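Undergrad: what follows is a protein structure lacking sequence information:
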């Protein structure tokens, strides 16, 4: 898919656990790194300093097909499956060469943060939606 | 549910991110901690030294309802939704007081590890299945 | 030492790496957890919501004597070696039974955070210094 | 220094904590990533599959000069300060542009792992010492 963004990564030592493979929670971190790299490719940042916008997750899911090991080089492919008024749905595939490591989804919601730390769902600002549009498929 | 196991936890500083809340990948780690505490309550350990058994995840999913913050005290409720020949399906609810933080699922598969590091799905040993039985519901 | 605070902990699966032992960076996290538990024992929190105070580290060091493994139960002993005008110097010993796992030090500085995110060293408020005093030795 | 190895990195979201800066324990992980990148540059890997060699840390220390924030781009400069019979002493400087973020040291010891998981200090194999030699200064 032309709209898929590809984020290359190498497995770090601290990403592994005693089973000798990458800990499953770290695969979720790889997903997030790819998401944020996509934002940078779109000319955006997910956490602009001084901004009251936030993007907490509503949900995240992964199916694990094959393990990753120390110093493995792999890619996270990410695309935006749905760009809605307040939410963004991402789809991810992690691959090492021709081997699929994992497939997954993540949904984030746009919020505005109050001074007391609470958050309220908000509409995605039009300029952000426009810049993310090329990654929607 | 009487068969539900409850794991108490407090949020550590390093569990949080710049948004001031627990990072979503850390919620998956809380799930795993509760799973392993359930195994201990069953008189088991998920990683016996010298054993060739392993329990990698086939899948993991969470829906996030409310954020957790530094030093929040919460519980992870975990039960075994299905104990099959080779797989274990867990269901989780994270609660802080009466507030639901997240709900999720995780499926692990029993494997035997070869000396070269590769893994092959295997039947769950009967003594392990028997000890986990009280947590199935 | 009567002024030493003891924080009990068990090793989680995600704390380990492919060498089968706790990753060295995680030992630094255990130190911090003990520090924050000491603050709670003193009736304080290191990160009060809405406060402009922060406690970044000036330095941290550990010597590693013996490894920790999955599900090991251990204690972090922490004491305040020096409570100065703007800084706090901690000393740590991690023990599993009679085995010393690691010894280390950490120095934090009191800062006030500006709205733009920058920080400026500040005097430790007297009420905080007073509550920490019982842990100084 | 001509023998200094430079490892470029960008701060990930999950590297930060509620103070809005990179957690101090993560700076130790950056050090390790640079060490392992140096090994790769030397034609080596710190964790060859099937090898009984290990490189646990004897000590690690950092002084923190300036904070790192989300998406900051920085470099870890690493050199081998002493390559001894059984130990390697590294020195690190983290810089963001002309700003020094942190300076530190780390000492690792060569061990051979026994089948039961215990470890015994061992001499660094000559071929490894030879390949690391260009990074000694």
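TA: Sure, I can see it. Every value quoted in this text rests on a predicted model; they were computed, and no experiment measured them. Residues are numbered from 1 along each chain as shown, chains lettered A, B, ... in the order given.

Undergrad: now do the host helix or strand of residue A:90: distance to the chain's middle.
TA: Using DSSP states H and E, residue A:90 maps to strand A:87-96. Distance of strand A:87-96 from the chain centroid (C-alpha atoms, centre = their mean, to the nearest Å) equals 7 Å.

Undergrad: who's in contact with that strand?
TA: Strand A:87-96 is contacted from outside by A:27, A:30-31, A:34-35, A:55, A:58, A:62, A:66, A:68, A:72-83, A:100-110, A:124, A:132, using C-beta atoms under 8 Å, 6 or more residues apart in numbering or on different chains. To be clear about C-beta, it is placed using only N, CA and C from the backbone, and glycine gets the same treatment.

Undergrad: just the buried ones from these, in PyMOL syntax?
TA: Buried subset of the contacts of strand A:87-96, written as a PyMOL selection, criterion 16 or more other C-beta atoms under 10 Å in any protein chain shown:
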select buried, chain A and resi 27+30+31+34+35+55+58+62+68+72+74+75+76+77+78+79+80+83+101+102+103+104+105+106+107+108+109+110+124+132
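
Undergrad: which helices and strands sit right next to the host helix or strand of residue A:80?
TA: Counting by DSSP H and E, the element that carries residue A:80 is strand A:73-83. Counting contacts by 3 or more C-beta pairs under 8 Å, 6 or more residues apart in numbering or on different chains; DSSP states H and E, strand A:73-83 is packed against strand A:5-10, helix A:24-41, strand A:87-96, helix A:126-132.

Undergrad: can you tell me which of these is most buried?
TA: Greatest average neighbour count among the helices and strands packed on strand A:73-83 goes to helix A:24-41 (a mean of 22), per mean count of other C-beta atoms under 10 Å in any protein chain shown.

Undergrad: any bit of that helix sitting next to chain B?
TA: Yes: using C-beta under 8 Å from any C-beta of the partner chain, we find that helix A:24-41 touches chain B at A:24-26, A:28-29, A:32.

Undergrad: okay, those residues in TSV with pLDDT and distance to residue A:16 next?
TA: Below are those laid out as TSV (pLDDT from 0 to 100; distance: C-beta to C-beta, whole Å):
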residue	pLDDT	distance to residue A:16
A:24	98	11
A:25	98	12
A:26	98	8
A:28	98	15
A:29	98	13
A:32	98	18
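
Undergrad: nearest residue to the residue of chain A found nearest chain B in space, please, no chain neighbours.
TA: Closest residue of chain A to chain B, C-beta to the nearest C-beta: residue A:61 (3.6 Å). Take residue A:61 and drop its neighbours on the chain: the residue closest to it by C-beta to C-beta, 6 or more residues apart in numbering or on different chains is residue B:61, 3.6 Å away.

Undergrad: identify the bridge partners of the residue nearest to residue A:18 when sequence neighbours are not counted.
TA: Leaving aside its chain neighbours, residue A:18 sits nearest to residue C:16 (4.0 Å; criterion: C-beta to C-beta, 6+ apart). Under DSSP bridges, the beta-bridge partners of residue C:16 are residue C:22.

Undergrad: burial measure for residue C:16, as a count.
TA: The tally of other residues near residue C:16 (other C-beta atoms under 10 Å in any protein chain shown) stands at 24.

Undergrad: ok, it - contacts?
TA: A:17-18, C:22-23, C:69-70.

Undergrad: residue A:49 now?
TA: By C-beta under 8 Å, 6+ apart, residue A:49 lies in contact with C:116-117, D:69.

Undergrad: helix, strand or coil for it?
TA: Three-state assignment for residue A:49 (DSSP: H, G, I helix; E, B strand; the rest coil): coil.

Undergrad: excluding chain neighbours, what is closest to residue A:44?
TA: Among residues not flanking residue A:44 along the chain, residue A:131 sits closest, at 5.5 Å (C-beta to C-beta, 6+ apart).

Undergrad: quick check, the one you found in contact with residue A:41.
TA: No: using C-beta atoms under 8 Å, residue A:131 is not in contact with residue A:41, being 9.6 Å away.

Undergrad: what's the overlap in contacts for the two?
TA: Contact criterion C-beta under 8 Å, 6+ apart; residues shared by residue A:131 and residue A:41: none found.

Undergrad: quick one: residues in contact with stretch A:32-40.
TA: Against stretch A:32-40 from outside (C-beta under 8 Å, 6+ apart): A:5, A:7, A:9, A:45-46, A:76-78, A:80, A:90, A:92, A:106, A:108, A:132, A:135, B:24-25, D:12-14, D:71.

Undergrad: which of the contacts of residue A:49 ranks first by neighbour count?
TA: residue D:69 (16 neighbours).

Undergrad: pLDDT wise, what is the closest residue to residue A:50 other than its chain neighbours at?
TA: Distance criterion C-beta to C-beta, 6+ apart; nearest residue to residue A:50, sequence neighbours excluded, is residue C:116 at 7.2 Å. Per-residue pLDDT puts residue C:116 at 80.

Undergrad: what count of nearby residues applies to the spatially closest residue to residue A:137 that is not a sequence neighbour?
TA: Using C-beta to C-beta, 6+ apart and skipping residues adjacent in sequence, the residue nearest residue A:137 is residue A:3, 3.8 Å away. Neighbourhood size, residue A:3 [other C-beta under 10 Å]: 11.

Undergrad: surely residue A:54 is in contact with residue A:119?
TA: Yes: at 6.0 Å, residue A:54 counts as touching residue A:119 under the criterion of C-beta under 8 Å.

Undergrad: shared neighbours, these two?
TA: Residues touching both residue A:54 and residue A:119 by C-beta under 8 Å, 6+ apart: A:111-113.

Undergrad: which neighbouring elements make contact with the next helix or strand after the strand holding residue A:90?
TA: Next helix or strand after strand A:87-96 toward the C-terminus (DSSP H and E): strand A:99-109. For strand A:99-109, the packing partners by 3+ C-beta pairs under 8 Å, 6+ apart come out as helix A:24-41, strand A:57-64, strand A:87-96.

Undergrad: quick one, which of the ones you listed is nearest to residue A:50?
TA: Residue A:50 lies closest to helix A:24-41 among those, at 16.9 Å (C-beta to C-beta).

Undergrad: return the distance of that closest one from the chain's centre.
TA: Centre-to-centre, helix A:24-41 and its host chain are 4 Å apart (C-alpha atoms, centre = their mean).

Undergrad: same check, this time on stretch A:5-19
TA: Counting by C-alpha atoms, centre = their mean, stretch A:5-19 comes out at 15 Å from the chain centroid.

Undergrad: tell me what angle the strand holding residue A:90 forms with helix A:24-41.
TA: Calculated by axes from the mean of the first three to the mean of the last three C-alpha atoms, to 10 degrees, strand A:87-96 forms an angle of 110 degrees with helix A:24-41.

Undergrad: is it true that the residue nearest to residue A:50 touches residue D:20?
TA: No: using C-beta under 8 Å as the test, residue C:116 is too far from residue D:20 to be in contact (10.9 Å).
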